[in-house]
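J.: Give the three-dimensional model of this entry:
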Amino acid sequence: MTESSAPPRPRTPGAKRAAPGEYVFDLARVNHILGGPDYSTANGSCVEGDRMIVGLMRMSAGTGAEPHSHPNEQWIYILQGVFHATIGGKSIEAKPGSVIYVPANVVHAGKASADSDVVFFTVKDASHGLHGIAAGG
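T.: Numbers count the residues shown, from 1 in each chain. Here you go, the predicted model:
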């Protein structure tokens, strides 16, 4: 690959950035990073394109993300487990098959139920990286 065809550096430290002509990603083999190193236990694979970021993340039972926000909007699709969250002050419970919308700059937090891990697929616009900013800091 020549330097001119190399993908730009990822916005998210440790994320995989899609290279020109690279179209398929095995998320079981792609890097594993923390979804929010300063505020969350979510971890998994993350791939960035020019305009979108996707991640396949897991939160261990009883753990989760402290209040945080990010300047990009986010979708979270629950694949396994029950996710309890607060988004903009509203409490929600999401089960497998549910999709959650988190608007840009809205403080939110969530965690896996005490009895099982939560596995989710997430999509963010690429105006910012995957990581958010812990509330109050």
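
J.: Next, the contact list for the closest residue in space to Pro37 that isn't next to it in sequence, please.
T.: Spatially, and ignoring its direct neighbours in sequence, Pro37 is nearest to His131 (6.7 Å; Cβ to Cβ, 6 or more residues apart in numbering). In this view, the C-beta of every residue, glycine as well, is placed from N, C-alpha and C. Taking Cβ atoms under 8 Å, 6 or more residues apart in numbering, we find His131 in contact with Thr12, Pro13, Gly35, Gly36, Pro37, Asp38, His70.

J.: Glu48 now?
T.: Glu48 neighbours (Cβ under 8 Å, 6+ apart): Pro10, Arg11, Thr12, Ala15, Lys16, Arg17, Ala18, Ala126, Gly129, Leu130.

J.: shouldn't the fourth one be in contact with His32?
T.: No - with contact defined as Cβ atoms under 8 Å, Ala15 and His32 do not form a contacting pair (10.5 Å).
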